[in-house]
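Engineer: just coords:
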């Protein structure tokens with residue numbers, strides 16, 4: 001069993017009271033007992049001093065920035081695809097649509113944001129401009145915008161209403177600005193179009209307050225005009241205007257595309273890559289994006305983008321994915337070291353459709369039902385070793401204390417022994433079954449674990465490669481096991497585990 005650190009003030013108080021109560025006349029009779037207590041006191045002091053001086057382990061590079069770590073811990077964020085395509089029943093517009101088509105009669109961005117908040121979403125991203133080039137804000141650099149539409153008599157600004165609603169509700173905003181613009185006449189002219197794009201980027205990042213994520217992609221039709229994007233200059237401008245922002249693209253620099261639009265990361269999924277091997281829009285790197293690179297020199301974690309409906313934009317004849325499919329997406333994204341970016345497209349009235357809201361609430365309730373109860377709580381914990389010893393700050397108990405900032409760290413030498421690193425939970429109450437095992441690394445010090453195995457009462461039940469921020473292992477059937485051991489078979493230095501949890505998913509079939 002692991003013990004919390006003994007507070008030194010309690011020790012001092014105990015022995016001070018003891019010594020004060022001993023009279024001088026009694027001292028020569030009980031000298032042996034006093035010496036015994038003094039030796040115990042000194043041993044406690046030595047142990048406490050050693051624990052106090054034990055420093056945290058060195059990080060293993062690369063490690064996430066503050067903004068990347070905050071983003072990773074969100075786990076699920078939301079996309080709003082809304083624009084000209086919403087009114088033309090298309091996914092990729094031509095750029096020739098008349099602005100007069102855009103006319104949402106009940107647009108309410110507060111409803112969008114409340115929908116997100118109701119399922120604990122803290123970051124929402126809006127398609128400020130899609131491939132058709134229609135701008136949801138009154139840009140000074142094009143006539144293809146809300147300014148030319150009948151909505152709000154041409155005086156409206158969807159981006160403004162969006163960020164105001166975000167600010168009112170106390171969450172964070174993100175923006176998508178399509179590089180491919182099928183309306184803009186300068187598209188295909190390298191200098192002119194890059195200047196045009198930067199001008200619009202500047203509008204979005206200087207008019208609307210804090211933006212926490214900006215989305216760039218390489219999507220472009222097969223017969224599209226050839227165009228060289230100055231991504232380096234764009235990224236530098238973004239960081240200049242919004243220093244704390246995360247930039248998403250196929251190649252980062254802060255967040256990478258996972259390589260598919262199904263919401264599924266690789267069973268091996270590293271947050272690290274070599275950015276020199278990536279190029280935005282290059283389909284040949286999709287597998288590399290999906291798995292990452294254990295030897296990667298850059299921390300660029302993956303984001304899984306998927307829509308709640310078949311299409312990215314709202315279409316009257318489409319419906320939301322069933323709960324079972326959404327849960328599968330959750331396990332294959334959040335449960336494989338990714339952030340899930342779930343698209344929920346507003347309809348042509350400017351509202352999120354009620355059936356979609358109902359499905360979102362059902363999805364959120366299911367996640368809460370599965371993970372709000374941790375059957376590992378109250379377990380006794382032990383490990384192959386503990387950095388700083390039993391009274392240190394890196395004990396096995398930390399994996400069940402519910403604190404993301406604490407973690408178990410073994411001693412370096414364990415890795416050179418045959419049994420390697422392991423941590424064990426002994427359940428005090430085995431009356432409840434579980435079928436999901438959750439393991440999390442303290443990624444603030446780097447992603448380390450390369451290979452692991454989980455056993456229950458001495459029987460191997462799961463094994464895998466990476467863990468990262470979160471790994472969710474689903475068992476074939478519910479078990480009532482008592483002893484759960486996580487073996488770290490291979491790791492980049494000593495593994496650092498922040499949490500091990502046991503959960504029951506009632507939606508899984510035996």
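Structural biologist: Right, received. Where do you want to start? Please read these numbers as outputs of a predicted model, since none were measured by experiment. Numbers count the residues shown, from 1 in each chain.

Engineer: Listing request: residues of the stretch 1-150 of the chain with sub-threshold pLDDT.
Structural biologist: For the stretch 1-150 of the chain, the stretches with pLDDT under 70 are 1-52.

Engineer: all strands of it, in order?
Structural biologist: Applying DSSP state E, counting those that start in this stretch to the stretch 1-150 of the chain gives strands spanning 76-80, 123-129.

Engineer: winner for burial among these?
Structural biologist: Counting by mean count of other C-beta atoms under 10 Å, strand 123-129 has the highest mean neighbour count of the strands of the stretch 1-150 of the chain, with a mean of 26. (Each C-beta comes from the backbone N, C-alpha and C, glycine too.)

Engineer: Name the next helix or strand downstream of that one, please.
Structural biologist: Per DSSP states H and E, the first helix or strand lying C-terminal to strand 123-129 is helix 158-169.

Engineer: what comes into contact with that following helix?
Structural biologist: Outside helix 158-169, the residues that touch it by C-beta atoms under 8 Å, 6 or more residues apart in numbering are 80, 82, 107, 109-110, 112-114, 117, 124, 126, 128, 136-137, 146, 172-173, 175, 204, 207-209.

Engineer: repeat for stretch 358-371
Structural biologist: Contact partners of stretch 358-371, identified using C-beta under 8 Å, 6+ apart, comprise 115, 118-120, 308, 320-321, 323, 326-327, 330, 344, 436, 438, 501, 503-507.

Engineer: Which of those fall in helices?
Structural biologist: Among those, the members falling in helices are 115, 323, 326-327, 330 (criterion: DSSP state H).

Engineer: can I get these in TSV with neighbour count?
Structural biologist: As requested, the ones in helices among the contacts of stretch 358-371 are arranged in TSV below (neighbours: other C-beta atoms under 10 Å):
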residue	neighbour count
115	21
323	14
326	22
327	19
330	21
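
Engineer: farthest-separated two in those residues?
Structural biologist: Taking C-beta to C-beta, the two most distant members of the ones in helices among the contacts of stretch 358-371 are 115 and 327; they sit 19.2 Å apart.

Engineer: And the strands of the stretch 1-150 of the chain: which comes nearest residue 69?
Structural biologist: Short answer: strand 123-129, nearest of those by C-beta to C-beta, at 13.6 Å.

Engineer: Okay, now stretch 222-231: how far is its last residue from its first?
Structural biologist: 20 Å (C-alpha to C-alpha, to the nearest Å).

Engineer: buried sites along that stretch?
Structural biologist: Along stretch 222-231, these residues count as buried under the neighbour rule (16 or more other C-beta atoms under 10 Å): 227, 229-231.

Engineer: try stretch 427-438
Structural biologist: For stretch 427-438, burial by neighbour count (16+ other C-beta under 10 Å) applies to 427, 434-438.

Engineer: Out of the strands of the stretch 1-150 of the chain, which is closest to residue 288?
Structural biologist: Smallest distance to residue 288 across the strands of the stretch 1-150 of the chain (C-beta to C-beta): 23.3 Å, for strand 76-80.

Engineer: if we can go back for a sec, for PyMOL, what selects the buried ones among the contacts of helix 158-169?
Structural biologist: For the buried members of these, the matching PyMOL selection, counting by 16+ other C-beta under 10 Å, is:
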select buried, resi 80+82+107+109+112+113+124+126+128+136+137+146+172+173+175+204+208
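
Engineer: which residues touch the residue nearest the centre of the chain?
Structural biologist: For the chain, the residue nearest the mean C-alpha position is residue 72 (2.5 Å; C-alpha atoms, centre = their mean). Taking C-beta under 8 Å, 6+ apart, we find residue 72 in contact with 64, 301, 339, 443, 469.

Engineer: Inside helices: which ones of these?
Structural biologist: Checking the contacts of residue 72 against helices, none of them qualifies (DSSP H).

Engineer: Please flag which of those residues sit within strands.
Structural biologist: residue 339 (DSSP state E).

Engineer: for the contacts of residue 72, which one is nearest residue 457?
Structural biologist: For those, the nearest to residue 457 is residue 469 (28.1 Å; C-beta to C-beta).

Engineer: isn't that closest one right up against residue 74?
Structural biologist: No - contact criterion C-beta atoms under 8 Å: residue 469 and residue 74 do not qualify, at 10.5 Å.

Engineer: more crowded one of the two?
Structural biologist: Using other C-beta atoms under 10 Å, the more surrounded residue of residue 469 and residue 74 is residue 469, with 25 against 19.

Engineer: what pLDDT does the more buried one get?
Structural biologist: What the model reports as pLDDT for residue 469 is 98.

Engineer: Kindly report the same for residue 198.
Structural biologist: Note for residue 198: predicted pLDDT of 98.

Engineer: give the contact list for it.
Structural biologist: 230, 233-234, 237.

Engineer: Just the buried ones among these, please.
Structural biologist: Buried, going by 16+ other C-beta under 10 Å: 230, 234, 237, out of the contacts of residue 198.

Engineer: Export the strands of the stretch 1-150 of the chain as TSV, with columns for distance to residue 160.
Structural biologist: TSV is the format used below for those (distance: least, C-beta to C-beta, whole Å):
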stretch	distance to residue 160
strand 76-80	14
strand 123-129	11
